[in-house]
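> Got a predicted model here, sequence first, then my questions.
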Amino acid sequence: MEAVGFFLAQMNSQALGAMVIALVLFGALFLFFLAKRYKRCPPNRVLVIYGKVRAGTSARCLHGGGAFVWPLIQNYSYLSLDPLQIEIPLSGALSAENIRINVPSVFTVAVGTTDELMQSAAQRLQGLSPTEISQQGRDIIFGQLRQVIASMGIEDINRDRDKFLSKVQSSLEPELNKIGLVLINVNITDITDESGYIEAIGRKAASEAVQSAAIDVALQEKRGAIGVAAAKRDQDISVAQAERDLQVGTTTAQREQAVEVARLAKERAVGEQQAAFERDSQIKVAEREMRVAVANANASAVSGENEAKAVIANANAQLRIKEAEAYQVSEVRKREAEAAVLEAQYKAQARQALAESTKIEAEQRAQLEAAARAIKAKITVDAEAEADARRIHAQGQADARRIEAEAQAQATFVNLEAQARGQFEILRRKAEGLRELVASCGGAQNAFQLMMLEHLDHLAETAASAISNVKFDKIVVWDGGAENGGAAGFVKRMGSMLPPMMNLMKDIGGVQMPEFLGKMVEGEGAGPGAGPSAGAGAGTGAAPPHAGPPPAAPPPQAPPASTGTAPGGAKPGGKGH
């Protein structure tokens, strides 16, 4: 039993080994089959797979790469991409002039690699030999080449080969593309004609070329002669220029030497003048400082005098302590304004003096510089140093004058400023005196009345002098004959103005006049009938103590229109007094 079991085990192991071997062989055969059916496309060929391909196409074309070709349902073939040279011995083709010409040429074509061209080539060139493909291309080229020649003239074909080739390509390529071919190159071997027209054109061109060459030779000979003459002229000019440069260089060196000597002399003279100018400037600066100190001392003296005058003014103000406050205010403001004006005037005068000094300095400097420039333009280099020295000296004098003017202006300004401060101090002291006068009088009204009393004699004298030279020969009163008219009415109205005038003197000047001269009655107006009678002591009444002046008398009434008026508004037959 054990032997049987062993035998069976050996049989099983042998069967399993055979199965494995069979599977390996089958796999190897299958892989070999697959490898045989996978077709690779070289770069100089087109792989055409036909049979069961995608719908809408008759073949599947590949350029490069590879593809699996199924057995039984698909097959494959190759199209060569090698160029094909097609010789075209075209002869007797009619041109546009109806002249027969011979155009032997060589065309190079090949199968295209785009999808459309490969499909067209697979449909029309599959299975054809290169000779057969060349023959199909030759037939197409012959027809298109004759068509292009018939559309062009002989001279255009012979002269403009690029245009001829361009037309051939544009006409031939669409026809070749229909069978899957592309045009690579066109080589026109020669262009001849049977009548000798092209040869005649060549002889004409050769003759023109010979003539042009002869003309070019003559032109070159002329240019050579011109060049020789120009070279000789340039040589003469160069020699003359060299001699001129030698003379100019010698003269320039001598002039530069003279200029340098004059410049050194000028610098020495300028240095001496500069030293003298600095010495004079220092002297002028010392004088200016001395004058400023003197001006400051004078200003201090003037300030002391003004202070003394201020003390005297203060004493005088104490004497006039009873002047009115209203007068004080107006007078103070007026004086302050005058003082400000004077101060501004003094400052303006000082600035004007400073500006005049600057102007004088500028004018003198301009005049001196202009004279120096005029002299410098006329004289030689040696005199230029002397002109600069004079200008520097003049500039030093102008600076000295300017410094002196500045010192004078500063002194004037200090003096005027001290006077202005003195005037201001006087006015301030006077204002304080007026303030104390008002305070001591118990009010501005009382102070004003006091000042009016002090100046009453002066006012009366001024009023009298105003009419002292006026002579009254007579007084004529024109009256219309109305109520209170005539001389009596005129005197009555003059008497009625006396009480208001007395009341005004009381209110303004504080003067109480005797009552026998007249008085205002309480409650009565100041009209024409309200005044006192014309007799002495006939006062009838007075207005309130602070009543204003009476209103003016009404104008005389005009007479009726029927009676007429005399000149001046008087009634005819009016009384004259």
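Looks like it arrived, so ask away. Residues are numbered from 1 along each chain as shown.
> C-alpha only now, for contacts and for neighbours.
Noted.
> In three-state terms, label Thr108 for me.
Put simply, Thr108 is strand when judged by DSSP: H, G, I helix; E, B strand; the rest coil.
> now the helices for the stretch 351-500 of the chain?
With helices called from DSSP state H, counting those that start in this stretch, the stretch 351-500 of the chain shows them at 381-441, 444-454, 456-466, 486-496, 498-509.
> Just send those back as JSON lines, with mean pLDDT and mean neighbour count too.
Below are the helices of the stretch 351-500 of the chain laid out as JSON lines (pLDDT from 0 to 100; neighbours: other Cα atoms under 10 Å):
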{"stretch": "helix 381-441", "mean pLDDT": "82", "mean neighbour count": "20"}
{"stretch": "helix 444-454", "mean pLDDT": "76", "mean neighbour count": "20"}
{"stretch": "helix 456-466", "mean pLDDT": "76", "mean neighbour count": "12"}
{"stretch": "helix 486-496", "mean pLDDT": "65", "mean neighbour count": "18"}
{"stretch": "helix 498-509", "mean pLDDT": "67", "mean neighbour count": "20"}
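> can you list those in a markdown table and add distance to Ile99?
Output for these, formatted as a markdown table (distance: least, Cα to Cα, whole Å):
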| stretch | distance to Ile99 |
| --- | --- |
| helix 381-441 | 94 |
| helix 444-454 | 142 |
| helix 456-466 | 142 |
| helix 486-496 | 150 |
| helix 498-509 | 145 |
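> of those helices, which approaches Ala9 most closely?
helix 381-441 (141.7 Å; Cα to Cα).
> looking just at contacts, which helices and strands does that closest one meet?
helix 197-319, helix 325-378, helix 444-454 (3 or more Cα pairs under 8 Å, 6 or more residues apart in numbering; DSSP states H and E).
> So which of those is the most surrounded?
helix 444-454 (a mean of 20; mean count of other Cα atoms under 10 Å).
> pretty sure Arg291 contacts Ala405?
No. Counting by Cα atoms under 8 Å, Ala405 is not a contact partner of Arg291; they are 10.9 Å apart.
> what ranges do the strands span in the stretch 51-200 of the chain?
59-62, 66-68, 74-80, 84-94, 100-111, 181-188, 192-193 (DSSP state E, counting those that start in this stretch).
> Could you single out the most deeply buried of the ones you listed?
strand 59-62 (a mean of 22).
> Distance from the chain centre to stretch 273-284, please.
48 Å (Cα atoms, centre = their mean, to the nearest Å).
> and the gap between Arg435 and Asn44?
As judged by Cα to Cα, to the nearest Å, Arg435 and Asn44 stand 133 Å apart.
> same question, Ser120
Computed as Cα to Cα, the Ser120 to Asn44 distance reads 18 Å.
> Compare the two and say which is more crowded by neighbours.
Ser120 (19 against 13; other Cα atoms under 10 Å).
> Over to the nearest residue to that one once chain neighbours are set aside: give its phi and psi.
Once flanking residues are discounted, Ser120 sits nearest to Gly180: 4.7 Å by Cα to Cα, 6 or more residues apart in numbering. Main-chain torsions, Gly180, degrees, to the nearest 10: phi 90, psi 10.
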